[in-house]
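>>> Next comes the sequence, and after it the predicted model I'd like to discuss.
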Amino acid sequence: MGPHRRPHMADVVLLDYHQVAMRLGVSHGTIAKWVVGIRNAPKNFPKPVPLGGKLKRIRSDHFDAWINNLGTGDENIALSDVVQKRGPGRPRKIAVTKNK
């Protein structure tokens, strides 16, 4: 076969949401929300491969290509624009002691 043959699925590395999240510095829940559409995913984020039931994985070659294309051409954004750090959240409750 020539150099442009389509890779066989046995040759493809599949990433779970935890692995993708670790590479991006976000939670696996964020990745899951991007995939199902609860939260807007970054432009051209790779579609997961369904493996049966609810099990889905993201192809590493598609993910790596997406990362490499950030900041080029139509996708003129940086990885830091994709991964937005949230604020500290709700302040902690403090215990109030009564003076008697």
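Sure, I can see it.
>>> which secondary structure element contains Gln19?
Gln19 belongs to helix 17-24 when elements are defined using DSSP states H and E.
>>> Which positions within that helix qualify as buried?
The neighbour-count criterion (16 or more other CB atoms under 10 Å) identifies 17, 19-21, 24 as the buried residues of helix 17-24. For glycine as for every other residue, the C-beta is placed from the backbone atoms N, C-alpha and C.
>>> Which strands and helices lie in contact with the following helix or strand past that helix?
Using DSSP H and E, the helix or strand that directly follows helix 17-24 along the chain is helix 28-36. The elements that helix 28-36 packs onto, with contact taken as 3 or more CB pairs under 8 Å, 6 or more residues apart in numbering; DSSP states H and E, are helix 17-24.
>>> any idea how far His62 is from Ala41?
The span separating His62 from Ala41 equals 13 Å under the rule CB to CB, to the nearest Å.
>>> show me the contacts for Pro46.
By CB atoms under 8 Å, 6 or more residues apart in numbering, the contact list for Pro46 reads 58-59, 62-63, 65-66.
>>> can you rerun that using 7 Å?
Shown in contact with Pro46 (CB atoms under 7 Å, 6 or more residues apart in numbering): 58-59, 62-63, 66.
>>> That one - nearest residue in space that isn't next to it in sequence?
Distances taken as CB to CB, 6 or more residues apart in numbering place His62 nearest to Pro46, at 3.9 Å, with adjacent residues excluded.
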